[in-house]
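Asks: Prediction below, plus the sequence it came from.
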Amino acid sequence: MTHSQPTNGSSVIVISGLVKQFGRFAALRGISAEFSPGNLYVILGDNGAGKTTLLRTFAGLARPTRGKVILLGTHDLSSVSAQIGYMAHPSLLYDELSGMENLRYFGRLYGIEGDQRCADAIRKVHLDPSLARPVGQYSQGMRQRMSLARALLHDPGILLLDEPFSNVDACSASEMVNLLGTIRDAGKTLFVVTHQAALLDGVADEFVLMGAGKIVSRPLERPLLEGAPR
Amino acid sequence: MSSFWAITSATLAKDLRLEWRSKDAINSMLFFALLVVVIFSFSFDPTAEESRHIAGGLVWVAFLFAAVVALNQTWAREMRNAVLDAYRVSPAPANPLFLAKAFGNFIFVSIIQALMTPLFTVFYNLRPLGPAWQLIPVAILGSWALVVNGTFFAAMSLHTRSREIMLPILLFPFSIPALVAMVQATNTILTGQDSAKFWIVLLLTYDVVFTVACLLLFETVLDAE
């Protein structure tokens, strides 16, 4: 089954027959879908539904066992990696370095010189760039926000966020949602895997409901999942 | 090419900063090498003449074992918080990461050598009878031989369950030709009986071949799932 919504321009991501197996376990079972640019997609589903694997496949971190992923018109994901911002469940930060030192290093991987853009990215997530404390001493919520700053640092066109609100307090989560809305309004495409979909009610353009390694439906309104907050 | 070296130097600087703050690798290497020196010195009581014949082997085996301790730490840092994924999703090529890690390990092993060599000299009453300056290229080429393969095999064993066991199993057999060259060159210089030139050239050849092979294969190792 192919899931796609009407698009005004060319799709930012096209997947066809995507299968990802880990040994005998199939995490993704033949997904075909298209995603339009400038939208915020919220990926929902139970644990083990394949949400994180789908995101890792988009990021080029997991190679499809079968099927194709076309990102920004190319199969060669490494050629468009500068256009991808990825925030995983772990922080992807060095605990022994400060936030600024972390971003300075990751900035160099994208050819970003100087501290200005690093400081701007940190301020965007409402943290203080002058904080000298190592990230290992941050609270979990601060670490999540710094991780988001790292993903935003190089101003990517596609943002892949895996559980960005986990362990973040309600106020900070609301600030993060506003930021994601602003980024979407700037024409970026966002994929947010979350179990706290209610937070994104006013911002999400589409909900992608996954189950057992497949896309089950793509409603425009948040589906009411069993046991999920209304 | 400039970004290649910019990423290499940024990664090396980051690794040195991390090591400066944690001292994980240096402390464990130093402690390990010190133990080897002390245990060997208590195990037998060599005269100066005998020690010249075995010192090369003792020194390099101590450095090889100590290097394994550092090599295991190299990638463990990148696995914490899955930081390696942040590198993998970036447009940065794989080889600057490999070279920075290898340079970092080379610096750590060199520091240990600088600290331990005087101790070896005292404990084993060593005084080179051959050209002592030749020990410098032997140390540089020998250390590079250990760390270049060690860094590569440590990356290879990243995704294995018992990577600390896997590293020596992979590394030691490949290191045998280099180890023989290091030991023979060191013994030759200490005893002054022959020229160490052949062994130094052999070490140089080994370093060039394995550095090129590691650089060619590292991207595949990095992207392995």
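Replies: Here it is on my side, so go on. Numbering: from 1, shown residues only, chains lettered A, B, ... in the order given.

Asks: Surely A:Arg123 forms part of a helix?
Replies: Yes: counting by DSSP: H, G, I helix; E, B strand; the rest coil, A:Arg123 is located in a helix.

Asks: Quick check: it vs chain B, distance?
Replies: Per Cβ to the nearest Cβ, to the nearest Å, A:Arg123 is found 20 Å from chain B. All C-beta atoms are positioned from the backbone trio N, CA, C, and that covers glycine.

Asks: Run through the chain and note the low-pLDDT ranges.
Replies: No chain was given, so I picked chain A. A:1-9, A:224-230 (pLDDT under 70).

Asks: Can you look at chain B instead?
Replies: Across chain B, the ranges flagged by pLDDT under 70 are B:1-2, B:44-49.

Asks: can you list the residues of it near chain A?
Replies: B:3, B:6-7, B:10-11, B:14, B:17-18, B:21-22, B:77, B:80-83, B:85-92, B:223, B:225 (Cβ under 8 Å from any Cβ of the partner chain).

Asks: In chain A, what residue spans correspond to strands?
Replies: Taking DSSP state E as the test, the strands found in chain A are A:2-3, A:13-22, A:25-35, A:40-45, A:66-71, A:84-87, A:158-162, A:189-193, A:206-211, A:214-217.

Asks: just the angle between the longest one and strand A:189-193, please?
Replies: Counting by axes from the mean of the first three to the mean of the last three Cα atoms, to 10 degrees, strand A:25-35 points 150 degrees away from the direction of strand A:189-193.

Asks: so, in contact with chain B or not, strand A:25-35?
Replies: No: Strand A:25-35 is not in contact with chain B by Cβ under 8 Å from any Cβ; minimum separation 11.7 Å.

Asks: That strand pairs with which strands, and in what direction?
Replies: Looking at strand A:25-35 with DSSP bridges, its partner strands are strand A:2-3 (parallel), strand A:13-22 (antiparallel).

Asks: CA-only coordinates of the last one in PDB, if you can.
Replies: Extracted as PDB, the C-alpha positions of strand A:13-22 are listed here (Å, rounded to 0.1, in the frame of the first residue of the first chain):
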ATOM      1  CA  ILE A  13      11.400  11.800   0.600                       C
ATOM      2  CA  VAL A  14      10.100   8.900  -1.500                       C
ATOM      3  CA  ILE A  15      10.300   5.400  -0.200                       C
ATOM      4  CA  SER A  16       9.300   2.300  -2.100                       C
ATOM      5  CA  GLY A  17       9.100  -1.200  -0.800                       C
ATOM      6  CA  LEU A  18      11.300  -0.400   2.100                       C
ATOM      7  CA  VAL A  19      12.300  -3.500   4.100                       C
ATOM      8  CA  LYS A  20      14.700  -3.400   7.000                       C
ATOM      9  CA  GLN A  21      15.600  -6.700   8.700                       C
ATOM     10  CA  PHE A  22      17.800  -7.300  11.700                       C
END
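
Asks: And the contacts of it?
Replies: Strand A:13-22 is contacted by residues A:2, A:26-35, A:50, A:53-54, A:57-58, A:62, A:64-72, A:158, A:189, A:213 when judged by Cβ atoms under 8 Å, 6 or more residues apart in numbering or on different chains.

Asks: Can you turn the buried part of the residues you listed into a ChimeraX selection?
Replies: Per 16 or more other Cβ atoms under 10 Å in any protein chain shown, the buried members of these correspond to this ChimeraX selection:
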select /A:26,27,28,31,32,33,34,35,50,53,54,57,58,62,64,67,69,70,71,72,158,189,213
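
Asks: With distance to B:Ala139 as added columns, please give the strands of chain A in a markdown table.
Replies: Listed next are the strands of chain A as a markdown table, based on distance: least, Cβ to Cβ, whole Å:
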| stretch | distance to B:Ala139 |
| --- | --- |
| strand A:2-3 | 62 |
| strand A:13-22 | 45 |
| strand A:25-35 | 49 |
| strand A:40-45 | 54 |
| strand A:66-71 | 48 |
| strand A:84-87 | 42 |
| strand A:158-162 | 46 |
| strand A:189-193 | 51 |
| strand A:206-211 | 57 |
| strand A:214-217 | 59 |
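
Asks: For B:Glu50, which of these is the nearest?
Replies: Within the strands of chain A, the stretch nearest B:Glu50 is strand A:13-22; the backing value is 56.8 Å (Cβ to Cβ).

Asks: counting contacts, what elements does the lengthiest helix in chain B pack onto?
Replies: When chain B is parsed with DSSP state H, its longest helix is helix B:48-79. Under the contact criterion of 3 or more Cβ pairs under 8 Å, 6 or more residues apart in numbering or on different chains; DSSP states H and E, helix B:48-79 touches helix B:2-22, helix B:24-43, helix B:83-89, helix B:94-123, helix B:135-156, helix B:163-191.

Asks: if we go to 6 Å?
Replies: If you count contacts as 3 or more Cβ pairs under 6 Å, 6 or more residues apart in numbering or on different chains; DSSP states H and E, helix B:48-79 packs onto helix B:24-43, helix B:94-123, helix B:135-156, helix B:163-191.

Asks: Next, the angle helix B:24-43 makes with that helix.
Replies: 160 degrees.

Asks: Helix B:48-79: which residues count as buried?
Replies: Judged by neighbour count (16+ other Cβ under 10 Å), helix B:48-79 contains these buried residues: B:51-52, B:54-60, B:62-75, B:77-78.

Asks: Repeat that for stretch B:182-202.
Replies: Under 16+ other Cβ under 10 Å, the buried positions of stretch B:182-202 are B:182-191, B:196, B:199-200, B:202.

Asks: and if you look at stretch B:104-116?
Replies: Going by neighbour count (16+ other Cβ under 10 Å), the buried part of stretch B:104-116 is B:104-113, B:116.

Asks: wait, what's in contact with the residue nearest to B:Leu170 when sequence neighbours are not counted?
Replies: Closest residue to B:Leu170 apart from its sequence neighbours, by Cβ to Cβ, 6 or more residues apart in numbering or on different chains: B:Phe153 at 4.1 Å. The contact partners of B:Phe153, by Cβ atoms under 6 Å, 6 or more residues apart in numbering or on different chains, come to B:167, B:170-171.

Asks: any idea which of those residues is closest to A:Leu152?
Replies: Proximity of the contacts of B:Phe153 to A:Leu152 (Cβ to Cβ) peaks at B:Leu167, which lies at 36.5 Å.

Asks: show me the contacts for A:Val125.
Replies: A:Val125 neighbours (Cβ under 6 Å, 6+ apart): A:145, A:148-149.

Asks: and the residues you listed, which are buried?
Replies: Looking at the contacts of A:Val125 with 16+ other Cβ under 10 Å, the buried ones turn out to be A:145, A:148-149.

Asks: Okay, and which of those residues map to helices?
Replies: A:145, A:148-149.

Asks: so which of the residues you listed also contact chain B?
Replies: When Cβ under 6 Å from any Cβ of the partner chain is applied, no member of these is adjacent to chain B.

Asks: Serialize those to CSV and add fields for distance to A:Glu101.
Replies: Formatted as CSV, those follow (distance: Cβ to Cβ, whole Å):
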residue, distance to A:Glu101
A:Arg145, 16
A:Leu148, 17
A:Ala149, 13
